[in-house]
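In: Sequence first, predicted coordinates after that:
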Amino acid sequence: MSDWTKVTRPIPVPDEYTKPFWAAAKRRSLEMQRCQTCGHFQHPPYATCTQCIGVDLKFEPVRGQGKIYAYTIMYHTGDKRFAAAVPYASIVVELDDAPGAFMAGNLLGADYTEAKLGRRVEVVFEDLTDDITLPQFKLAGE
Amino acid sequence: MWDNRCKIAVSGVGYSKVSRSADIPLAAHALEAVKGAIADSGLKLEDIDGLATYPELPATGHAEVDGISVVSVNCMMAMMNLPNLTWHIQVGSSNIGGAFQQAANALLAGVCKYAVVWRAMHNPKGTYQNLPGNMATGAGQFTGPYGFGGPGQGHAVAYARWLEKNGQTRDKMATLVLNQRKNTQHNPHAYFYGTELTREDYFASRMVAYPFCLFDCDIPVQGAVAVVLTTADRARDLAPTPAYLAGYGQRLHFETAGRIGSLSNYMEGGSSSAKLTWERSGFSPKDVDVAQIYDGFAASVIYGLESYGFCKEGEALDFIQDGRIELDGELPLNTFGGSLGTGRIHGLWHIIEGALQASGRAGTRQVKDANVSFVGASAPIVTGTTFIFVRDPY
C-alpha cells in the first residue's frame, strides 16, 4: 500500500470559479457546478455551461458515491513530492449524481492493484491545512 | 472538395542534430534546420518571406528563454535578418500543425511566396516536468494534489480505460513500438538511429505510468526540424519533387478536466479534424498509401487510427498486428520512426515524413508507389491537426 505520510501534496489555491467547491469540501461535503438551464454537471468549474452555453451556474451538493472511470499507476518519481508513494494509483471518478463530471483522486486505503474500471468508490476527506480539505476516494463499503 | 486542393506544396525539409541534452543554444538547432530546408529547396535566404512556428516548451517548471528553451518568430527574424520578409506568425494553440496551416493560408492569400515553418524542442537540464512549490492553481487545483504531475499520467488514464473497456492488454503495443524502432534505422537524423530495440527490451522496461512503459514514451531531446512551403506552381520550379497539400483539418479539443485526458472525447478532436481533411481532399481512409500518426505517447496512435477512421473504435491494437503497418504492409505507419524513434520534436517531423513519402524522397524507407500520404500531427486527445499530401496533384 502506498505510503502517503511522506508526500507533500501541493495545496489547491481557490479562485473565483472554484471557491464554492473548496468551501464545501471544508464542510466535508461535495458540491459540483451545475447548469441551472440544462442540468449539466461539470468539473472543474467553468465560466459557462459547456453543454448548452448557459450562464446560470450554481454549486449543488452531490453524494460522494461513484465508480472508477479511469486510472493510472504512477511509477515514475519525476515529481519529487510524490516519490515516497510510488507506485500509487491516481484515479478518475465519475460520481453517480454528476455523470460526465470527472474528479481526480487517489485510491486510499487499498493496494494500487485494486484500481480497476468500474470499481465502486466513495469520497473521504483529507485535511491538508486549516483552510483546505481535499476530497479523496476509498473503495466503497470498506 | 476544397477549392485550394493541391495549390500549396511542401518543398525542402531540414533537420538539426538531435541531441539528448542542451549542449548548444536551441536557436542554433533551429537555424540549422531552417537553413537546411532552404538549401534543400535550392532557395537562398533572401527568397524566404514568410515565417511560422509554435514555440511552446512542453517541459513544465522551466524558464522560457528565447533562443535557449524556445525559438520564437522574433528570435528567428533576428538571426536571419531576412531582407524580404512580408509575413510571420507564431500560433498559441493547435500546435505546430496549426502553424503549418497558417503558412499555407498565407501563401494562398498571396501575402508571402516562400514560407518556412520550424519546430524547435528543448530538453532542459534536470527533471523534465519540474513541479516545485506547494501550490496548485488553475485546473491544477484538481489534479496536482493527487500527483497527476504531467501529461504522461493524463494520457495514461485514457489508455488504461481504452484497454479495460476493450478487453485488451498492453502486450500488443509492442508491435507498434518495435516496428517504429525498426523504421528508425532508416532515418539517420533520428535520435535512436543505430540503437535497436528488442521484444525482450520492451517487456523488461520499467513502468513510467501504467499502462505506459518507458518505450511507450518519446524521449526528451534537443533539436529542430523545418520545412519550406510554397505555392504549387512555384514548387514545381524548385529542385525537390513537390508534395502537394490535398487537404487539412484542425480541431482543438476542449479539455474539461485539465491534465486528465478523457477517453470519451478523443474521438471528437480526431474525427472532427479528419472529417474536414477527408472532405477537403476527396480521399477516404481506404485511399491512404502511407500514414504518419503522432506518437508522443504510443497510445496516441491508437486514438488516431480509430478517430481518423482507419479502423473501428476498440480495434486499433489488433489492426496494427500481422505486418499491416510495416514498410511493405497495407498501411505503413510512422515510417520515419515516429517521435518514439526521432525523440520528442512534436508533429512537424510527422508532417515532413508525410511530405517526403508523397514526393518519393524517403530514401530506404520509401513506401513503394505512395501517392496519398496521411498525417495526424498531434494527439487527438489534445488537439487534432490532420493533413493529406499527394504526389499526383489531380
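Out: It's in. Numbering: from 1, shown residues only, chains lettered A, B, ... in the order given.

In: Distance of the residue located most distally from the centre of chain B relative to A:Val86?
Out: For chain B, the C-alpha farthest from the mean C-alpha position belongs to B:Asn134; by CA atoms, centre = their mean, that distance is 33.6 Å. Distance, B:Asn134 to A:Val86, by CB to CB, to the nearest Å: 19 Å. For every residue, glycine as well, the C-beta is placed using N, CA and C.

In: swap in B:Asn4?
Out: Separation of B:Asn4 from A:Val86 (CB to CB) stands at 51 Å.

In: And for A:Trp4?
Out: 11 Å.

In: Got the phi and psi for A:Leu108?
Out: Here is the backbone geometry of A:Leu108 (degrees, to the nearest 10): phi -90, psi 150.

In: With the one 4 residues further on instead?
Out: With angles defined as degrees, to the nearest 10, A:Tyr112 shows backbone torsions of phi -60, psi -20.

In: list the contacts for it?
Out: Taking CB atoms under 8 Å, 6 or more residues apart in numbering or on different chains, we find A:Tyr112 in contact with A:1-2, A:73, A:87-89.

In: 10 Å - rerun?
Out: A:1-2, A:71-75, A:85-91, A:106, B:210 (CB atoms under 10 Å, 6 or more residues apart in numbering or on different chains).

In: gap between it and A:Thr18?
Out: Distance, A:Tyr112 to A:Thr18, by CB to CB: 28 Å.

In: helix or strand right after whichever strand or helix holds B:Ser11?
Out: According to DSSP states H and E, B:Ser11 maps onto strand B:8-15. Heading C-terminal from strand B:8-15, the first helix or strand you meet, by DSSP H and E, is helix B:26-41.

In: give the contact list for B:Leu331.
Out: With contact taken as CB under 10 Å, 6+ apart, B:Leu331 is in contact with B:285-286, B:288-291, B:293, B:305, B:310-311, B:319-320, B:324-325, B:367, B:374.

In: Tell me the one among those residues nearest to chain A.
Out: B:Leu305 (19.8 Å; CB to the nearest CB).

In: Hmm, B:Leu317 and the closest one touching each other?
Out: Yes - B:Leu305 is within contact range of B:Leu317, at 9.3 Å (criterion: CB atoms under 10 Å).

In: intersection of neighbour lists for those two?
Out: Common contacts of B:Leu305 and B:Leu317, defined by CB under 10 Å, 6+ apart, comprise B:176, B:311.

In: Of these two, which one has the most company?
Out: B:Leu305 (27 against 23; other CB atoms under 10 Å in any protein chain shown).

In: count of residues packed around the residue nearest to that one when sequence neighbours are not counted?
Out: Leaving aside its sequence neighbours, B:Leu305 sits nearest to B:Ala316 (CB to CB, 6 or more residues apart in numbering or on different chains; 4.3 Å). With neighbours defined by other CB under 10 Å, the count for B:Ala316 comes to 25.

In: Check the gap between B:Ala316 and A:Leu107 for me.
Out: With distances taken as CB to CB, B:Ala316 is found 28 Å from A:Leu107.

In: Now B:Glu306: phi and psi?
Out: phi -80, psi -50.

In: The one 5 residues further on too?
Out: With angles defined as degrees, to the nearest 10, B:Cys311 shows backbone torsions of phi -150, psi 170.

In: What of B:Arg206?
Out: Backbone torsions for B:Arg206, taken as degrees, to the nearest 10, come to phi -70, psi 150.

In: Contact partners for the nearest residue to it once chain neighbours are set aside?
Out: Nearest residue to B:Arg206, sequence neighbours excluded (CB to CB, 6+ apart): B:Leu214, at 5.5 Å. By CB under 10 Å, 6+ apart, B:Leu214 lies in contact with A:75-76, B:201-202, B:204-208.

In: Just give me the closest of the residues you listed to B:Ile96.
Out: B:Ile96 lies nearest to B:Val208 out of those, by CB to CB, at 24.2 Å.

In: what's the neighbour count on that closest one?
Out: As a burial measure, B:Val208 scores 23 neighbours (other CB under 10 Å).

In: Do I have it right that it meets B:Asp216?
Out: Yes - contact criterion CB under 10 Å: B:Val208 and B:Asp216 qualify, at 7.5 Å.

In: Overlap in contacts, those two.
Out: By CB under 10 Å, 6+ apart, B:Val208 and B:Asp216 have these common neighbours: B:152, B:156, B:297.

In: Could you pull up the contacting residues of B:Val208?
Out: Applying CB under 10 Å, 6+ apart, we find B:Val208 in contact with A:72-76, A:78, B:150, B:152-153, B:156, B:214-217, B:297.

In: Narrow those to those in strands?
Out: The strands, defined by DSSP state E, take in A:72-74 from the contacts of B:Val208.

In: Pull out the buried members of the contacts of B:Leu331.
Out: By neighbour count, with 16 or more other CB atoms under 10 Å in any protein chain shown, those hold B:285, B:288-291, B:293, B:305, B:310-311, B:319-320, B:324-325, B:367, B:374 as buried.

In: B:Ser307 versus the residue most central in space within chain B, what's the distance?
Out: Chain B has B:Gly347 as the residue nearest its centroid, 1.3 Å off, counting by CA atoms, centre = their mean. According to CB to CB, B:Gly347 and B:Ser307 sit 15 Å apart.

In: next one: A:Tyr69
Out: 19 Å.

In: which of those two has more neighbours?
Out: B:Ser307 (26 against 22).

In: element containing the residue nearest to the more buried one when sequence neighbours are not counted, please.
Out: For B:Ser307, ignoring the flanking residues on the chain, the nearest one in space by CB to CB, 6+ apart is B:Gly270 at 2.6 Å. B:Gly270 belongs to helix B:266-281 when assigned by DSSP H and E.

In: For the residue lying closest to A:Thr50 once chain neighbours are set aside, list each beta-bridge partner.
Out: Residue nearest to A:Thr50 in three dimensions, not counting chain neighbours: A:Gln42, with 5.7 Å by CB to CB, 6+ apart. Listed beta-bridge partners, A:Gln42: A:Gln33 (assigned using DSSP bridges).

In: Most neighbours out of the shared contacts of B:Val208 and B:Asp216, which is it?
Out: Highest neighbour count within these, by other CB under 10 Å: B:Ala156, with 28 neighbours.

In: hang on, that one packs against A:Ile73?
Out: Yes - here B:Ala156 reaches A:Ile73: they are 8.2 Å apart, a contact under CB under 10 Å.

In: For the chain, which residues score under the pLDDT cut-off?
Out: I'll assume chain A. For chain A, the stretches flagged by pLDDT under 70 are A:142.

In: Chain B, not that one
Out: Low-confidence segments of chain B (pLDDT under 70): B:132, B:149, B:254-265.

In: 50 - rerun?
Out: B:257-259 (pLDDT under 50).

In: How much space separates B:Gly97 from B:Asp201?
Out: Taking CB to CB, one finds B:Gly97 at 31 Å from B:Asp201.

In: Of those two, which one has the most company?
Out: Legend: neighbour count by other CB under 10 Å for B:Gly97 and B:Asp201, higher for B:Gly97 (31 against 15).

In: Could I get the contacting residues of that one?
Out: Residues in contact with B:Gly97, defined by CB under 10 Å, 6+ apart, are B:54, B:91, B:117, B:119, B:248-250, B:273, B:294, B:346-348, B:350-351, B:375-378, B:383-387.

In: Count the neighbours of residue 10 for me.
Out: Because you didn't say which chain, this covers chain A. 24.

In: ah, no, chain B please
Out: B:Val10 has 29 neighbours, counted by other CB under 10 Å.

In: What residues does the closest residue to it other than its chain neighbours make contact with?
Out: Nearest residue to B:Val10, sequence neighbours excluded (CB to CB, 6+ apart): B:Ala355, at 3.7 Å. B:Ala355 makes contact with B:9-13, B:227, B:229, B:240-245, B:292, B:361-362, B:373, B:375, B:387, B:389 under the criterion CB under 10 Å, 6+ apart.
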